[in-house]
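Visitor: My questions concern the predicted model and sequence given below.
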Amino acid sequence: MKPIKFIDNLSFSPDGELVSSGSSYRGSAIFMRQGDLDGACAIYSLMMMLIMNHRINRRELVTRDKNPGYTSTKRLQDEFLGELPGLYKDGFFFNDLSNKLSSSYRKVANAITFSTIPNREDRISKKDLDNKIRETLDAGFPVQVGFTYEKGGAHSVVAIGFQEFHNGWDFLRLFCLDPAHELPKQAFWNTILDIRLDYGSRIKYRSHDYSTFRYCNVDEILIIK
């Protein structure tokens with residue numbers, strides 16, 4: 001078991017709220033629970049990714065931009081947070097999120113995606129996907145993680161730390177922000193995702209989501225450039 005490593009620029013406000021520190025975004029609250037904004041879990045995760053990568057702060061995100069003209073912030077809000085049909089119930093594949101971010105916010109941020117989903121242009125091997133998660137977190141940056149459950153359904157969270165275990169069962173433990181659950185005060189994470197590093201296994205759903213105690217398969221990630 002190796003030490004836990006968290007990404008850069010995380011701290012707490014005086015009242016114990018998790019904030020993104022550094023630059024002009026110092027003190028910008030990170031966590032967003034479903035209900036704080038309009039949208040599905042993937043959108044909430046993406047907005048937290050933008051805050052942690054210092055591409056927008058929470059105040060800008062939740063307040064309608066009053067500057068003249070159609071600014072990047074207004075385009076971002078209209079693309080992801082407007083009253084679009086099916087927004088509450090419909091999920092997004094990460095390559096769709098990346099395309100929408102590029103079309104609305106490309107002057108400020110872009111995203112790259114990787115997946116193990118067949119027929120996707122961003123497809124890589126499961127081992128390479130797991131390595132990409134580890135490498136990005138180790139470099140100090142968050143990773144948006146998407147996974148499907150063994151008995152149906154899918155979810156999106158943001159990984160902000162990791163720990164490696166090599167003691168009989170090899171697995172990568174991700175410490176995550178899950179928009180489906182509350183984040184306690186003075187906490188860096190509110191769920192844990194264990195990814196088994198057993199690439200010879202034929203078992204597809206070999207990871208474990210501790211927020212629901214269900215087996216799942218991590219099949220796509222998104223990283224802000």
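Guide: That came in fine, so what should we check first? Just so you know, these numbers come straight off a predicted model, no measurement behind them. Residues are numbered from 1 along each chain as shown.

Visitor: Quick check: buried residues in the longest strand anywhere in the chain?
Guide: The residue-count maximum for a strand in the chain (DSSP state E) belongs to strand 154-167. The neighbour-count criterion (16 or more other CB atoms under 10 Å) identifies 154-163 as the buried residues of strand 154-167. (C-beta placed from N, C-alpha, C; glycine too.)

Visitor: Turn those into TSV, columns for distance to Asn119.
Guide: Listed next are these as TSV, based on distance: CB to CB, whole Å:
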residue	distance to Asn119
Ala154	17
His155	22
Ser156	21
Val157	25
Val158	26
Ala159	25
Ile160	31
Gly161	32
Phe162	29
Gln163	33
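
Visitor: Spatially, which two of the residues you listed are the most separated?
Guide: For these, the farthest-apart pair by CB to CB is Ala154 and Gln163; their separation is 24.5 Å.

Visitor: Tell me which other helices or strands the longest strand of the chain touches.
Guide: strand 5-6, helix 41-52, helix 126-138, strand 143-149, strand 169-177, strand 191-196 (3 or more CB pairs under 8 Å, 6 or more residues apart in numbering; DSSP states H and E).

Visitor: can you list the domains in the chain?
Guide: 9-111, 116-224 (automatic domain parsing).

Visitor: just so I know, which of the ones you listed lies nearest Pro3?
Guide: domain 116-224 (7.1 Å).

Visitor: Do I have it right that Phe165 meets Arg173?
Guide: Yes: here Phe165 lies in contact with Arg173, judged by CB atoms under 8 Å, at a distance of 6.5 Å.

Visitor: Local confidence estimate at Tyr205?
Guide: Looking at Tyr205, its pLDDT stands at 89.

Visitor: Can you get me a residue count around it?
Guide: 16 (other CB atoms under 10 Å).

Visitor: gap between it and Asn110?
Guide: 31 Å (CB to CB, to the nearest Å).

Visitor: Quick check: buried residues in the helix or strand bottoming out on mean pLDDT in the chain?
Guide: The weakest-scoring helix or strand in the chain, judged by mean pLDDT, DSSP states H and E, is helix 58-62 (a mean of 85). Buried residues in helix 58-62, counted by 16+ other CB under 10 Å: 58, 60-61.

Visitor: Cool, thanks, talk later.
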